[in-house]
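Enquirer: Sharing a model prediction with you, sequence too.
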Number of protein chains: 2
Amino acid sequence: MPALSQQMQQLSETCSHCSLRYLCLPDHLDSHDLQKLERLVDSGEAVPAETELFAQGDGLTHIYAVRDGSAKTVRIDEEGFEQILGFYYPGDILGFDGFADQQHHCSAVALETSHFCRIPVDQLDVLVDELPSLRQRLVRLMSQVLSEDGRMMLTLGRKDSEGRISSLLLGLSRRRALRGMPPTPVPLNMKRADLANFLSMRLETVSRVLTRLQRAGVIKVSQNKVDILDRDALRERSSRGAWVADQS
Amino acid sequence: MPALSQQMQQLSETCSHCSLRYLCLPDHLDSHDLQKLERLVDSGEAVPAETELFAQGDGLTHIYAVRDGSAKTVRIDEEGFEQILGFYYPGDILGFDGFADQQHHCSAVALETSHFCRIPVDQLDVLVDELPSLRQRLVRLMSQVLSEDGRMMLTLGRKDSEGRISSLLLGLSRRRALRGMPPTPVPLNMKRADLANFLSMRLETVSRVLTRLQRAGVIKVSQNKVDILDRDALRERSSRGAWVADQS
DNA sequence: TTGGTGTATTGATCCAGGTCAATATGGCCA
DNA sequence: TGGCCATATTGACCTGGATCAATACACCAA
């Protein structure tokens, strides 16, 4: 049951009319350029939960934009351990890490029944050479991801379990607000194990922290969604327990 | 005392003759395009250790390529905690995270006396629109960083202290090999505190792990450099202690 | 040579969170 | 409506690494 999509604004088949165009690739493109872009985009059928959009090691043929629903990216290292690299919501792009050597370095999996726009990279490549605005947009989106990865490394590296969960919840909430959705019941469309993996914790610890935060009256947990009751307290907890760095 | 530069191949003032051109921006550019690029590049004076190339929050005016020496990038979060995001060696580019909104999201600091090529972004921007090959190169480099960040998150998230140190040493060694430098005495040109910060450990733990690895005969530590005596053992330790993921 | 300062190593203690194990809850199908 | 299975919560225990503190080492200046 796609919880998010129920609340989504109407999505159009074309980028020009898509409510997400200011988050997604089309942002800053004039209508002429935009039309060229949307001719490339294939906004396909709904895909069920667990569908793999692409797998680590696959050749890079398309990148994907989330239309509605959600996805995660997973990377498996040499020793066979897997790490969830991110969760993706409407307007987010999947597949940027494939441009380096034309193959995907992680897998992408739908978390729920979702729609994705498929964009063939070979055609995109041609169009990018043609449209400076699109080139700039692409570079900025990638750069943005880079800088968010930095933020994530900060969270993973320096925060304790409560700080990590709090940061995650605030982050998800903020991303909902960016998309014009109500920021407070945050649906947790991924499993606890996914959360735990992403935050580098054990799922037992995730559980414990969630109930602790609930008992403190900061959030209200109910199955797959979290109400943020006291945002300030949550913010406070998201930084508490962060280590002080040794000066160098 | 710039340990790295003593072993560096001769560096030319121009990209065309630079021994690092296949790692750096120029890779895959034909000689005509390359000449246009190198007209932008200002390969300046030596800068001493601790020099800040740009600061978090600065407007994006230049990106930098390491010519010789080394650098680190540091990010300070809202609460004032700082995290080292990466170490950079000849051929590496600094500043990619600034393209998102034309300002730097981290600071860059030289670790030792170093040379950097300065590339003005406004002119680069124009040139990128003109040269598809350069555009492609830029996107690939950024994508590569993205995918390496993923690897780092994996290390930070899933490995214990010994795994982290081992991974770091192997990584530094591999990057030296990529640059045609002898892979085994790995100079640690950053302070222990920097290492600790980067790996999200305490410097005492870094020390302890280094001596433990030394006692095991895997490495030989001497002040600012590490000899890798048993690469296989090091590899083995870099994966040992990594958690098993809960299946989702 | 000595003293001072910054950096690295080592030792002793303690706790957050990992581990193992039991129990609870909810969704689904017969 | 009950039984099954996947997922989530809670409990008890233990260990890796953070913390606090002392000591060692290197480098420089007087």
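Expert: Everything's here; your move.

Enquirer: dump the residue contacts of residue A:73.
Expert: Residues near residue A:73 by C-beta atoms under 8 Å, 6 or more residues apart in numbering or on different chains: A:84-86, A:88, A:94, A:106-109. C-beta here means a position set from N, CA and C on the backbone, and glycine is covered the same way.

Enquirer: Show me which of those residues are buried.
Expert: A:84-86, A:88, A:94, A:106-109 (16 or more other C-beta atoms under 10 Å in any protein chain shown).

Enquirer: restrict these to contacts with DNA strand D.
Expert: The subset of those within reach of DNA strand D, by C-beta under 7 Å from any atom of the strand, is empty.

Enquirer: Out of these, which sit inside helices?
Expert: Judged by DSSP state H, helices contain none of those.

Enquirer: Strands - which of the residues you listed land there?
Expert: Assigned to strands by DSSP state E, the following of the buried ones among the contacts of residue A:73 qualify: A:84-86, A:88, A:94, A:107-109.

Enquirer: Any regions of chain A where pLDDT drops low?
Expert: Residue ranges of chain A with pLDDT under 70: A:1-12, A:241-242, A:244-248.

Enquirer: Which positions in it make contact with DNA strand C?
Expert: Residues of chain A lying near DNA strand C (C-beta under 7 Å from any atom of the strand): A:160-162, A:200-202, A:204-205, A:223, A:241, A:248.

Enquirer: before we move on, back to that, quick one: which of the buried ones among the contacts of residue A:73 is nearest DNA strand C?
Expert: residue A:84 (14.9 Å; C-beta to the nearest atom of the strand).

Enquirer: and the nearest residue to residue A:44 once chain neighbours are set aside, how many neighbours?
Expert: Closest residue to residue A:44 apart from its sequence neighbours, by C-beta to C-beta, 6 or more residues apart in numbering or on different chains: residue A:118 at 6.0 Å. Other residues lying near residue A:118 total 16 when counted by other C-beta atoms under 10 Å in any protein chain shown.

Enquirer: And residue A:48, by the same measure?
Expert: Using other C-beta under 10 Å, residue A:48 is surrounded by 11 other residues.

Enquirer: just residue A:59 next, same as before
Expert: Neighbour count for residue A:59, taken as other C-beta under 10 Å: 11.

Enquirer: Show me the beta-bridge partners of it.
Expert: residue A:103 (DSSP bridges).

Enquirer: For residue A:105, see how far away it is.
Expert: For residue A:59, the distance to residue A:105 (C-beta to C-beta, to the nearest Å) stands at 12 Å.

Enquirer: Then residue A:53?
Expert: Between residue A:53 and residue A:105 the distance, using C-beta to C-beta, works out to 14 Å.

Enquirer: can you check residue A:63 too?
Expert: For residue A:63 relative to residue A:105 (C-beta to C-beta), the value is 13 Å.

Enquirer: which residues are in contact with both of these two?
Expert: Taking C-beta under 8 Å, 6+ apart as the criterion, residue A:63 and residue A:105 both touch residue A:98.

Enquirer: ok, back up a step: doesn't the residue nearest to residue A:44 fall inside a helix?
Expert: No - using DSSP: H, G, I helix; E, B strand; the rest coil, the assignment for residue A:118 is strand, not a helix.

Enquirer: Specify the beta-bridge partners of it.
Expert: residue A:42, residue A:64.

Enquirer: ok, it - contacts?
Expert: Counting by C-beta under 8 Å, 6+ apart, residue A:118 touches A:41-44, A:62, A:64.

Enquirer: The residue of chain A at minimum distance from DNA strand C - how many residues pack around it?
Expert: Residue of chain A nearest DNA strand C, by C-beta to the nearest atom of the strand: residue A:160 (2.9 Å). Per other C-beta under 10 Å, the neighbour tally for residue A:160 reads 15.

Enquirer: can you give me the strands for chain A?
Expert: For chain A, applying DSSP E gives strands covering A:42-43, A:52-54, A:62-68, A:71-76, A:82-88, A:93-94, A:107-110, A:115-120, A:185-187, A:219-222, A:225-228.

Enquirer: buried set for the last one?
Expert: The reference is to strand A:225-228. Going by neighbour count (16+ other C-beta under 10 Å), the buried part of strand A:225-228 is A:226, A:228.

Enquirer: Can I get that strand as PDB, trimmed to CA atoms?
Expert: Presented in PDB, the C-alpha positions along strand A:225-228 are these (Å, rounded to 0.1, in the frame of the first residue of the first chain):
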ATOM      1  CA  LYS A 225       5.000   6.200  10.600                       C
ATOM      2  CA  VAL A 226       6.400   8.600  13.200                       C
ATOM      3  CA  ASP A 227       4.700  11.700  14.400                       C
ATOM      4  CA  ILE A 228       7.100  14.400  15.400                       C
END
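
Enquirer: The residue positioned nearest the centre of chain A - nearest residue in space that isn't next to it in sequence?
Expert: What sits nearest the mean C-alpha location of chain A, by C-alpha atoms, centre = their mean, is residue A:88, with 2.2 Å. Leaving out its chain neighbours, the residue that sits closest to residue A:88 by C-beta to C-beta, 6+ apart is residue A:71, at 4.5 Å.

Enquirer: Hmm, residue A:109 and the one you found touching each other?
Expert: Yes - proximity of residue A:71 to residue A:109 meets the contact threshold set by C-beta atoms under 8 Å, at 6.2 Å.

Enquirer: quick check, the biggest helix by length in chain A touching DNA strand D?
Expert: Assignment by DSSP H gives helix A:132-158 as the longest helix of chain A. No - Helix A:132-158 is not in contact with DNA strand D by C-beta under 7 Å from any atom of the strand; minimum separation 9.6 Å.
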